[in-house]
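Colleague: A structural model of the following input is requested.
(chains A and B)
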2 protein chains.
Amino acid sequence: MPVHMELRRIIISEIHEQQVVMLKEVDGDRSFSIMIGIFEATSIDRRVKHLPSPRPLTHDLVASVVENMGGELRDVYISELRDHTYYAKLRIRLNGEMVEVDCRPSDAIALAVTASTPIYVAEDVLDEVCGE
Amino acid sequence: MPVHMELRRIIISEIHEQQVVMLKEVDGDRSFSIMIGIFEATSIDRRVKHLPSPRPLTHDLVASVVENMGGELRDVYISELRDHTYYAKLRIRLNGEMVEVDCRPSDAIALAVTASTPIYVAEDVLDEVCGE
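Modeller: Residues are numbered from 1 along each chain as shown, chains lettered A, B, ... in the order given. The predicted model follows:
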């Protein structure tokens, strides 16, 4: 069962190359952190803070492509942890079917924040990072 | 008539915030430069150099969303220059129709390089920046 998570914290460091986002279970206490790049962290951060942009930024463009092609971003899903790398999917409803698009969790989270859609994480990923 | 252009040069400066891409007419000599952000410049640069990435980067994700939703990116089009800002569109063929998605020229050029599609610029934009 996918577990519903929320973005709890973004830690942006100008000294380190890797930034951190922390996800927390909505109906529970488990949480974990993912290391992401500075561009993605900044993109998530400006969305959370509702900083306006005169022109669509790259994650706005992803949301806009989905919408203009007649789809609806339903949720994003962090499905797997393999060799220290998290794998995620965008789940898009299109003509009554669900289209899944492979992506990095950082892009998935930026999209979820942009389009106000839920973030899910696979139960076994949570088990692995939080201990059973 | 849209004019077919090619990416001629990317100038990345670590000192300045704005980076430069130069587009040149394929069947002519006119060229002009667009100022873009460091993230977009780096993204275009790594595509031009065919630098591999283990996971899809954000512009790969845009291309992948288009493809997974059954569309085909046909070309990108820099359509307008207004108040010193260039406006662009992704032109996507979907179910026999053309879907246009508003974007920044930097994202458009990154997508064109990713998906190996042509870059067009409106004739009146070229007239304005290159002189008639």
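Colleague: helix, strand or coil: sort out the residue nearest in space to the middle of chain A for me.
Modeller: Geometric centre of chain A, nearest residue: A:Ile109, 1.7 Å, by CA atoms, centre = their mean. Recorded secondary structure, A:Ile109: helix (DSSP: H, G, I helix; E, B strand; the rest coil).
Colleague: tell me the residues of chain A that contact chain B?
Modeller: Remark: the part of chain A in contact with chain B comprises A:39-40, A:54-59, A:61-62, A:64-66, A:68-71, A:85, A:87, A:90, A:92, A:94, A:99-104, A:107, using CB under 8 Å from any CB of the partner chain. Where you see a C-beta, it was placed from the backbone N, CA and C, and this is true even at glycine.
Colleague: can you show me the strands along chain A?
Modeller: A:2-11, A:19-25, A:31-36, A:72-82, A:85-94, A:97-103, A:119-122 (DSSP state E).
Colleague: just name the most buried of these.
Modeller: Among the strands of chain A, strand A:119-122 has the highest mean neighbour count (mean count of other CB atoms under 10 Å in any protein chain shown), at a mean of 22.
Colleague: packing partners of that one?
Modeller: strand A:2-11, strand A:72-82, helix A:105-115 (3 or more CB pairs under 8 Å, 6 or more residues apart in numbering or on different chains; DSSP states H and E).
Colleague: give the contact list for the residue nearest to the centre of chain A.
Modeller: Contacts for A:Ile109 (CB atoms under 8 Å, 6 or more residues apart in numbering or on different chains) come out as A:Leu7, A:Val21, A:Leu23, A:Ile34, A:Ile36, A:Glu40, A:Ile44, A:Val76, A:Ile119.
Colleague: next: A:Leu111.
Modeller: Taking CB under 8 Å, 6+ apart as the test, what A:Leu111 contacts is A:His59, A:Val62, A:Ala63, A:Leu73, A:Val76, A:Leu90, A:Cys103, A:Thr117.
Colleague: same list, the helices and strands packed on strand A:119-122, but as a markdown table with mean pLDDT and distance to A:Asp29 please.
Modeller: Listed next are the helices and strands packed on strand A:119-122 as a markdown table, based on pLDDT from 0 to 100; distance: least, CB to CB, whole Å:
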| stretch | mean pLDDT | distance to A:Asp29 |
| --- | --- | --- |
| strand A:2-11 | 96 | 11 |
| strand A:72-82 | 97 | 18 |
| helix A:105-115 | 96 | 20 |
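Colleague: nearest to A:Glu123, of these?
Modeller: Each of the helices and strands packed on strand A:119-122 has some distance to A:Glu123 by CB to CB; the shortest is strand A:2-11, at 5.8 Å.
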